[in-house]
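Participant: Build me a structure from this.
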Amino acid sequence: VQLSALAASMTRSSWIAFLIGAGFLFIFFIKGQYLKNIKLTISVILGFVLICIIAFSITAICVPKYKKFVKDKFVSIFTLEEANFYNMKGEKIPNQRLILWKDTLKFCFDEFKNGHLAGVGIGNYAKYFMPFASKELRQTTISGGYDIPHSMPLYFFASTGIIGLIAYLFMFFSVFWLISKNYYNFKMKSVSNDFSLFIGFSSALIAYFINLIFFFDDITTISLFFIYVGVIVAFYKNNQPPKNDSIPYQGSRQIHKILILSFLSILIILSITGTYDYTRRLIAEFHLKKGIKLMQSTNLQLAKTEFEKAASIYPRETYYKLYQILLMAQEIRNIKASGNKEKTKLIYQQILDISEQIENKVWCPDELYLKLAAAASFMGLLSDSIVACEESLKWDKYSIDARFMLSTQYKLHFIFTEETEALELSFVNACIACDLLKYHAYYKPNYFQYAIETGIQLYNLTQNDAVLKKINDLSFILAKSAPIKPQFDKTIEDVCAI
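Facilitator: Now for the predicted structure:
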């Protein structure tokens, strides 16, 4: 049952960890002279392999399409392509996890270079990693964020810095040392009945650590880990040889004291500097949240002050400036209605200056370009807005908002120039935005309505049957799933009319 569950998990790291753990199990048995007979050893290994095949076969029968999935997953262990994930052209995408690890290492070394030896804090990886997410990584997934790097050593390196990584590796090597010492103590004695228990717990711990290299932990496995370590420590204490009564060298105690005091001094210094840094971060977050509330209540001037405070208190975090750009874009829209063109030009230039400062180190570059597109659109600079939308899509080609905005900009371009090509591009991007909605939990019927209306306008100009077919497909989805509202009913009636 457990093997079938392992097979059905489709987790490559668990498969690798299980096989390595099983390998250590057999090595311990053979070295411990439990399997002296070669025939018996071969029979046990073949029996183990047969049980695994049966477990995987049962899973293949019970789970539909399992054969293809397991084949792709298994092959992906040895290739640089992701299993069961394809881009919009139907092509296999690069292995996302390898790219994520590479970008996480860049992030960790940047933290270390900037003196953040204690990392960014537990739970903050997703927030502070984004500026280091490469274009290659962002284009391998529909998700816009990364909670963990799918590797516990890397997660500890990023979250707790070099100090946490050293502590984590020390724990790993301490456990491995306990296992090796226990194994040595068992060999010094006659074969004990406890040996089979010992190799079982030891193999499980080795498999656990192997799994964490490629995966992440949870509360269940953490609890089991400490229980298993407790058992290994109990074996060690029980099997220790009698202590030598000779007096130890006194100088070693002095060395230990010096090392402990040095380590504690370093920790105190790091705690003080780290506390100062995190305090500034918390104050900046307070001003950011306050600014967002003020912006939602349309109190733009006070919101702008709060965002500026957040950016000045903690300038290293560029996403505070993203909110400044968003607010300034809204200012342009409000001021433009009053006809003050000079002030809108001044604000727009300020937006360009801020974006130039943070373009290469911004949190979510796609968001920066999207906000620049909005500001350019409010200024009436359609060409600049279109370029900014396309730059946003270079970073996140699955962005529904960027596709929709690009569609609206092309439609405005058509209204001013009456170029049919601009309307075609508007319809194409609107259709892509609707197709991408199936990957998201939320549903936006307004997007479908907009795409249908744009398609009707294009069909009336071109009489293209392919456009009509796409309009029918979109209308079917809208009619089936949209709430009953007059605005949607009118759109369906327009489709029926053509």
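
Participant: And stretch 174-188, what's buried?
Facilitator: Across stretch 174-188, burial judged by 16 or more other C-beta atoms under 10 Å covers 175, 178-179, 182-183, 185-186. Any C-beta I mention is one placed from the backbone N, CA and C, and that applies to glycine too.

Participant: Equivalent analysis for stretch 392-406, please.
Facilitator: Residues of stretch 392-406 classed as buried by neighbour count (16+ other C-beta under 10 Å): 392-393, 395-406.

Participant: The buried residues of stretch 174-188 in strands, which ones?
Facilitator: Of the buried residues of stretch 174-188, none are assigned to strands by DSSP state E.

Participant: Among those, which one lies nearest to Ala451?
Facilitator: Distances from Ala451 to the buried residues of stretch 174-188, taken as C-beta to C-beta, are shortest for Val175 (57.4 Å).

Participant: right, and the closest one touches Leu205 too?
Facilitator: Yes - shown here, Val175 and Leu205 form a contact pair, counting by C-beta atoms under 8 Å, at 5.9 Å.

Participant: Need the residues touching each of those two.
Facilitator: Residues touching both Val175 and Leu205 (C-beta atoms under 8 Å, 6 or more residues apart in numbering) are 229, 232.

Participant: got a list of what the nearest residue to Val233 once chain neighbours are set aside touches?
Facilitator: Among residues not flanking Val233 along the chain, Leu178 sits closest, at 6.5 Å (C-beta to C-beta, 6 or more residues apart in numbering). By C-beta under 8 Å, 6+ apart, the residues touching Leu178 are 229, 232-233, 236.

Participant: What subset of those residues is buried?
Facilitator: 229, 232, 236.

Participant: Next up, the contacts around the first one.
Facilitator: The reference is to Val229. Counted by C-beta under 8 Å, 6+ apart, Val229 has contacts 175, 178, 205.

Participant: Okay, it and Phe198: tell me how far apart.
Facilitator: 13 Å (C-beta to C-beta, to the nearest Å).

Participant: the helices in the stretch 351-498 of the chain, which residues?
Facilitator: 365-379, 382-395, 400-417, 420-436, 445-462, 465-481, 486-497 (DSSP state H, counting those that start in this stretch).

Participant: Let me have the fifth one in CSV, keeping just the CA atoms, if that works.
Facilitator: So the one you mean is helix 445-462. Taking C-alpha atoms only, helix 445-462 is exported to CSV below (Å, rounded to 0.1, in the frame of the first residue of the first chain):
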residue,chain,number,x,y,z
PRO,A,445,-16.9,37.5,-18.1
ASN,A,446,-16.2,41.1,-19.0
TYR,A,447,-13.0,39.9,-20.9
PHE,A,448,-15.1,37.5,-23.0
GLN,A,449,-17.6,40.2,-23.7
TYR,A,450,-14.9,42.6,-24.8
ALA,A,451,-13.3,39.9,-27.0
ILE,A,452,-16.7,39.1,-28.6
GLU,A,453,-17.5,42.8,-29.3
THR,A,454,-14.0,43.3,-30.8
GLY,A,455,-14.5,40.2,-32.9
ILE,A,456,-17.9,41.4,-34.2
GLN,A,457,-16.3,44.7,-35.2
LEU,A,458,-13.5,42.9,-37.0
TYR,A,459,-15.9,40.5,-38.8
ASN,A,460,-18.0,43.3,-40.1
LEU,A,461,-14.9,44.7,-41.7
THR,A,462,-13.3,41.5,-43.0
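
Participant: Much appreciated, bye for now.
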